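*Asks:* let's see this in three dimensions:
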Amino acid sequence: MKILLACNAGMSTSLLVQKMRKEAAARSLDADIEAGPLAKALTKAQDADVLLLGPQISYAKQDALDAVDGKTPVVVIPMATYGRMDAKKVIDMALDATKE
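*Replies:* You can find the predicted model right below:
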């Protein structure tokens, strides 16, 4: 599973990505988890299984939906989940999005 996270500059999600990688390993999930700035993420989004947006760029959800053209689920991480760096919940969100 390829999970792509997008934020303003790609830096604020780095800690979350590290925690998500640990959580995925603990669950024995085969997951490739990357983070980057929105513009870069949009160019890679169609190759991902799910695109997660940091809450600070929730305004860009429609741009992201347009970029993936229905091929990749786009999910905005809730502010509270992001603020707590709740990797377990974010992984669950990614898994749920790919089941829909």
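*Asks:* quick one: least confident helix or strand in this protein?
*Replies:* When each helix and strand of the chain is scored by mean pLDDT, DSSP states H and E, helix 38-44 comes last, with a mean of 90.
*Asks:* how far off centre is the helix or strand following that helix?
*Replies:* Where DSSP states H and E defines the elements, the next helix or strand beyond helix 38-44 is strand 50-53. Chain-centre distance of strand 50-53: 3 Å, with CA atoms, centre = their mean, to the nearest Å.
*Asks:* quick check: buried residues in the next helix or strand after strand 50-53?
*Replies:* Using DSSP H and E, the next helix or strand after strand 50-53 towards the C-terminus is helix 61-68. Neighbour-count burial for helix 61-68 flags 64, 67-68 (criterion: 16 or more other CB atoms under 10 Å). C-beta coordinates here come from the backbone N, C-alpha and C atoms, glycine included.
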